[in-house]
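S.K.: coordinates only, sequence not included:
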């Protein structure tokens, strides 16, 4: 399977680059498109449709094909995968039946492919990524290969979209199903944030609303361990500081901890809403601000995946949390460059609002402040 990438900042530029990519006989059938809301994604999709290229698309908080990280552009991975090896499913949510919808998609994929694997994109901040993963597991089994991320909106935190040929919606699931007997797919979700302090017990929570840990308001504990100052409703930087630098780490009996950053504060009781569920009674620790080791761990995890499960790849897809670039700044380019050197094949990625995948030794879960690396290879 051949792969090529295009990075563009205009529809006209994209059309020219696409034609140039095909001048040597390359005939792509599938495009994985990470496109800023500032770009005309519908026009880009229409151009791809004219060439009979199927589209798996997400809006982003930034996009890249190498260590050159940008906002306001489009990063597109083109693959000449045989059409009988994949299918694309799209479901718009009119009600929060996330698990049921994912189960129905997985059933269709299972009817077509004996062993399906999944690349997933979701839009809307309310969409429960873990319920989607559970729905896929219900049909395809606990060991299914499934990876993906939540669409972004250039950090506007308003609306985001997933799209494919003729479909575009701000509250939907987009699923690329692959025939794993023909296409090998391996993914790993890695965070790297170090824990600090003692293990705390969540004494009151409801879903993703965390009230207290060890009977102390969770915001107060975060302020104490982070040494934060001027934490008031008027300080616009408070939430970014908490989410990017001091996320909760939800401890697991199996696998690495799962990151649960605070995304919205309830000042009335000093609780906050996290990116995913934090069950009452669960164990959590707080995090240290990131350093160089954070990036090193991600690159080492990708290297380990290559050495143990995926020695060669035809292409790489990356979903990296938008919070990582907020926390790491220009250093984030070092992480992306390091990932690119692991397999040294065409790569496209986006900065996402959530990451879907399996951490080392763990189950499929929704992550945050995490990088999910996905390698693809035709067998």
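M.R.: Good, I have the coordinates. Everything quoted here is computed from the prediction, not taken from an experiment. Numbers count the residues shown, from 1 in each chain.

S.K.: And the strands in the stretch 151-300 of the chain, which stretches?
M.R.: Using DSSP state E, counting those that start in this stretch, the strands found in the stretch 151-300 of the chain span residues 162-164, 167-169, 172-179, 183-190, 195-206, 209-213, 216-217, 248-250, 258-260, 262-266, 271-274, 283-287.

S.K.: Need these in TSV (columns: distance to residue 70, mean neighbour count and mean pLDDT).
M.R.: C-beta coordinates here come from the backbone N, C-alpha and C atoms, glycine included. TSV is the format used below for the strands of the stretch 151-300 of the chain (distance: least, CB to CB, whole Å; neighbours: other CB atoms under 10 Å; pLDDT from 0 to 100):
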stretch	distance to residue 70	mean neighbour count	mean pLDDT
strand 162-164	20	26	98
strand 167-169	22	18	97
strand 172-179	23	24	98
strand 183-190	23	22	94
strand 195-206	32	15	92
strand 209-213	34	22	95
strand 216-217	39	16	96
strand 248-250	30	25	91
strand 258-260	25	27	86
strand 262-266	25	18	85
strand 271-274	29	22	89
strand 283-287	28	21	90
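
S.K.: Quick check: phi and psi at residue 310.
M.R.: For residue 310, the backbone dihedrals (degrees, to the nearest 10) come out as phi -140, psi 70.

S.K.: circling back to that earlier point, tell me which of the strands of the stretch 151-300 of the chain sits nearest to residue 378.
M.R.: Distance to residue 378, taken as CB to CB, is lowest for strand 183-190 among the strands of the stretch 151-300 of the chain, at 5.8 Å.

S.K.: For the closest one, which helices and strands make contact with it?
M.R.: For strand 183-190, the elements it packs on are strand 116-122, strand 146-150, helix 292-308, strand 355-358, strand 371-378, judged by 3 or more CB pairs under 8 Å, 6 or more residues apart in numbering; DSSP states H and E.

S.K.: And for that strand, what's in contact with it?
M.R.: Contact partners of strand 183-190, identified using CB atoms under 8 Å, 6 or more residues apart in numbering, comprise 1, 81, 85-86, 117, 119, 145, 147, 178, 256, 297-298, 301-302, 304-305, 309-310, 355-360, 365, 367, 370-379.

S.K.: which of these are buried?
M.R.: Among the contacts of strand 183-190, those buried by neighbour count (16 or more other CB atoms under 10 Å) are 1, 81, 85-86, 117, 119, 145, 147, 178, 256, 297-298, 301-302, 305, 310, 355-359, 365, 367, 370-378.

S.K.: Just grab the bridge partners of the nearest residue to residue 347 once chain neighbours are set aside for me.
M.R.: In space, and not counting its chain neighbours, residue 347 is closest to residue 316: 4.1 Å by CB to CB, 6 or more residues apart in numbering. Going by DSSP bridges, residue 316 is paired in beta bridges with residue 347, residue 375.
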